[in-house]
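A.B. asks: got a structure for you, letters missing:
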Ligand SMILES: Nc1ncnc2c1ncn2[C@@H]1O[C@H](COP(=O)(O)OP(=O)(O)OP(=O)(O)O)[C@@H](O)[C@H]1O
Ligand SMILES: [Mg+2]
């Protein structure tokens, strides 16, 4: 009956799971929000994420909310291939005839994926950047990995990106270590966008920055998501970040998704006890 | 689907037996009942005013239609471009997000979080989202901001810096630009002085001529008298009575004259 069509997914995560260690026979039932722990009491295995599913379309940002340890970053790392997963699938579809099953790729194919399909921006700039290398050098690395060879075109692409992320061009040849926190995040964003990936994963991109600096970086991120029509996943424990960047969310607690909602609905009418606790803590 | 009441042809919103209760897990799982089975219809070009005392469920009804509140049960049918009806409650979150941008407008008393974006940009973007091209949207944004007397010096200022009444006008301009099929208004002029209120009410009045179905809450009788073609009075989360403004407004309690 419905003639409403939602946009087609670019990233599809299906029943993704990650377990550290060997699970006991009833390990899944013994972990999760109901038991209040992600640790299997029998074997000590950790169910970091289990049965996580969502889809994201181009131009859309999905939020992943939860306290630290709830499994948010694990999901991110499994999608990005920083970490292997124990169950489920991750698919990306960047054109009607190109669909990639991320978890079945070889390590070298995964590295390739990270060059031009999935970019990640980490909370800790040291994870996304080589701090001992210049801003220009950091941006050059995904470009050369993608086959760029001409020095001056690499330079000009790097300056274009730095300009867009509002990093003063006269800092291009300074090592990133000497940059302020906000500026490092801007360089991470420039590097992430170097090869125009369709998907970007943002893991606490403004956590730890001063409020006014964070606000500027958030503005930039929002502008970039819109301008490039990116499919984005935003992990944050900060509802103001989620509210500003996303229109849908999942809430994670002890490795499980406890609620899926439109962002405004999550903030005004959270259903799960854990979501209600999070939202009221954020409102207080 | 049957639509039996008046203007059956033109019904845009058809709410049936809508219920909403909240389970407050942080307070001993207390249950708050906001809507206890509301049914109503709004047709194209009709302005229906929702009235009732504080706590009667007016805001809850608008939010449950827009799905900022997730309804507990019932149906909310919206007519689409191809004249078919869709139950908003049954849509996925991403389907609903798509529909909101193009077909349903919601203007609340408070400016929703859109900080650090310029006034003009907020209004223009709303127009583009509803299918205007960028130039048309800019013209339309300028026109409605002018109509609402928003000082041009504020157009390129981040909306988070504006006063309450200024924010409210930005909100209203964004909600009414290239008007959606269904517009939900929750006390949209509450922060305005008499002069600005007047222009805002005038703007809202033009929507019905453009075929928009409007469901609105105003806390004063004067606004309802001027704008509404029908008034629905809620009490304790159900429809208490409804009728023409002449029939209903005289009976109203707890509303400013
Ligand atoms: N998010 C919420 N969580 C819990 N209870 C709620 C929530 N929103 C509304 N309610 C309750 O639902 C009932 C109806 O409230 P609602 O805001 O819809 O009334 P209203 O008619 O808009 O009142 P007013 O004229 O004061 O704005 C009230 O008892 C209110 O406390
Ligand atoms: Mg209200």
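C.D. replies: Alright, I've got the coordinates. Treat the numbers as computed from the prediction; the structure is a model and nothing was measured. Ligands and ions are numbered 1, 2, ... in the order given.

A.B. asks: Identify the residues contacting the residue in the stretch 101-250 of chain A positioned nearest to ligand 1.
C.D. replies: Proximity to ligand 1, evaluated over the stretch 101-250 of chain A using C-beta to the nearest ligand atom, is greatest for residue A:239 at 15.2 Å. To be clear about C-beta, it is placed using only N, CA and C from the backbone, and glycine gets the same treatment. Residues in contact with residue A:239 (C-beta atoms under 8 Å, 6 or more residues apart in numbering or on different chains) are A:65, A:267, A:278-279, A:282.

A.B. asks: could those be laid out in TSV, adding neighbour count, distance to residue A:22 and secondary structure?
C.D. replies: Below are the contacts of residue A:239 laid out as TSV (neighbours: other C-beta atoms under 10 Å in any protein chain shown; distance: C-beta to C-beta, whole Å; DSSP: H, G, I helix; E, B strand; the rest coil):
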residue	neighbour count	distance to residue A:22	secondary structure
A:65	29	30	strand
A:267	19	39	helix
A:278	23	31	helix
A:279	19	36	helix
A:282	15	37	helix
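
A.B. asks: Does residue A:114 touch residue A:120 like I think?
C.D. replies: Yes. The pair residue A:114 / residue A:120 is scored as a contact, 7.4 Å apart, by C-beta atoms under 8 Å.

A.B. asks: residues shared between the contacts of the two?
C.D. replies: residue A:80.

A.B. asks: Without its sequence neighbours, what residue ends up closest to the residue in the stretch 151-284 of chain A positioned nearest to chain B?
C.D. replies: Per C-beta to the nearest C-beta, residue A:273 is where the stretch 151-284 of chain A lies closest to chain B, at 3.7 Å. Of all residues not flanking residue A:273 in the chain, residue B:25 sits nearest, at 3.7 Å (C-beta to C-beta, 6 or more residues apart in numbering or on different chains).

A.B. asks: ok, now how distant is that neighbour from residue B:63?
C.D. replies: Per C-beta to C-beta, to the nearest Å, residue B:25 is found 20 Å from residue B:63.

A.B. asks: mind listing the helices in the stretch 101-250 of chain A by residue range?
C.D. replies: A:107-116, A:125-128, A:135-145, A:151-164, A:181-192, A:211-228, A:239-245 (DSSP state H, counting those that start in this stretch).

A.B. asks: residues of the fifth one that come out buried?
C.D. replies: Neighbour counts using 16 or more other C-beta atoms under 10 Å in any protein chain shown place A:182-192 of helix A:181-192 among the buried residues.

A.B. asks: Stretch B:86-105 too?
C.D. replies: Residues B:86-89, B:91, B:93-105 are the ones in stretch B:86-105 that count as buried (16+ other C-beta under 10 Å).

A.B. asks: Restricted to strands, list these.
C.D. replies: Judged by DSSP state E, strands contain the following of the buried residues of stretch B:86-105: B:86-87, B:104-105.

A.B. asks: now, which of those residues lie close to chain A?
C.D. replies: residue B:86 (C-beta under 8 Å from any C-beta of the partner chain).

A.B. asks: farthest pair in the ones in strands among the buried residues of stretch B:86-105?
C.D. replies: Distances among those were taken as C-beta to C-beta; the most separated pair is B:87 and B:105, at 19.3 Å.

A.B. asks: Could you find the closest non-adjacent residue to residue A:4?
C.D. replies: Among residues not flanking residue A:4 along the chain, residue B:95 sits closest, at 4.7 Å (C-beta to C-beta, 6+ apart).

A.B. asks: Might one say that the one you found is in contact with residue A:57?
C.D. replies: No. With contact defined as C-beta under 8 Å, residue B:95 does not reach residue A:57; the gap is 11.2 Å.

A.B. asks: Pop out the phi and psi values for residue B:130.
C.D. replies: phi -90, psi 20 (degrees, to the nearest 10).

A.B. asks: any idea how far it lies from residue B:187?
C.D. replies: According to C-beta to C-beta, residue B:130 and residue B:187 sit 23 Å apart.

A.B. asks: Ok, residue A:27 next?
C.D. replies: Distance, residue A:27 to residue B:187, by C-beta to C-beta: 52 Å.

A.B. asks: in the sheet, who's paired with whatever residue of the stretch 1-150 of chain A ends up closest to ligand 1?
C.D. replies: Using C-beta to the nearest ligand atom, residue A:65 is the residue of the stretch 1-150 of chain A that sits closest to ligand 1, at 17.9 Å. Beta bridges link residue A:65 to residue A:251 when assigned by DSSP bridges.

A.B. asks: which residues touch the residue in the stretch 51-200 of chain B that chain A sits nearest to?
C.D. replies: Closest to chain A within the stretch 51-200 of chain B is residue B:94: 4.0 Å, counting by C-beta to the nearest C-beta. By C-beta under 8 Å, 6+ apart, residue B:94 lies in contact with A:6-7, A:55, A:57, A:60, A:248.

A.B. asks: tell me the centre residue of the chain?
C.D. replies: Just so you know, I chose chain A. residue A:201 (2.4 Å; C-alpha atoms, centre = their mean).

A.B. asks: that's the wrong chain, I wanted chain B
C.D. replies: By C-alpha atoms, centre = their mean, chain B has its centre lying nearest to residue B:184, at 1.2 Å.

A.B. asks: Verify the stated contact: it with residue B:66.
C.D. replies: Yes. Here residue B:184 lies in contact with residue B:66, judged by C-beta under 8 Å, at a distance of 5.8 Å.

A.B. asks: Find me the pLDDT at residue B:100, would you?
C.D. replies: For residue B:100, the pLDDT comes out at 89.

A.B. asks: Break down the stretch 51-200 of chain B into its helices, ranges please.
C.D. replies: B:58-66, B:93-103, B:119-129, B:134-147, B:164-176, B:194-209.

A.B. asks: Could you export those as JSON lines, including distance to residue A:45?
C.D. replies: Below are the helices of the stretch 51-200 of chain B laid out as JSON lines (distance: least, C-beta to C-beta, whole Å):
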{"stretch": "helix B:58-66", "distance to residue A:45": "43"}
{"stretch": "helix B:93-103", "distance to residue A:45": "33"}
{"stretch": "helix B:119-129", "distance to residue A:45": "47"}
{"stretch": "helix B:134-147", "distance to residue A:45": "54"}
{"stretch": "helix B:164-176", "distance to residue A:45": "51"}
{"stretch": "helix B:194-209", "distance to residue A:45": "59"}
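
A.B. asks: Quick one: residues contacting residue B:235.
C.D. replies: B:52-53, B:56.

A.B. asks: could you pick out which of these are near ligand 1?
C.D. replies: Among the contacts of residue B:235, the residues lying close to ligand 1 (C-beta under 6 Å from any ligand atom) are B:52, B:56.

A.B. asks: Who wins on neighbours among the contacts of residue B:235?
C.D. replies: residue B:52 (24 neighbours; other C-beta atoms under 10 Å in any protein chain shown).

A.B. asks: residues in contact with it?
C.D. replies: Listed by C-beta under 8 Å, 6+ apart, the contact partners of residue B:52 are B:58, B:233-235, B:240, B:254.

A.B. asks: hmm, who's touching stretch A:208-226?
C.D. replies: Under C-beta under 8 Å, 6+ apart, the answer for stretch A:208-226 is A:59, A:61, A:123, A:164-166, A:180-182, A:185-186, A:189, A:193, A:200, A:202, A:205-206, A:230, A:232, A:241, A:244-245, B:116.

A.B. asks: buried sites along that stretch?
C.D. replies: Buried residues in stretch A:208-226 (16+ other C-beta under 10 Å): A:209, A:213-222, A:224-225.

A.B. asks: And stretch B:133-141, by the same measure?
C.D. replies: Buried residues in stretch B:133-141, counting neighbours by 16+ other C-beta under 10 Å, are found at B:137-138, B:140-141.

A.B. asks: For stretch A:172-185, measure first residue to last.
C.D. replies: Its start and end residues considered, stretch A:172-185 measures 14 Å (C-alpha to C-alpha, to the nearest Å).

A.B. asks: How about it and chain B, any contact?
C.D. replies: No. Judged by C-beta under 8 Å from any C-beta, stretch A:172-185 makes no contact with chain B; its nearest approach is 14.7 Å.

A.B. asks: Okay then, goodbye and thanks.
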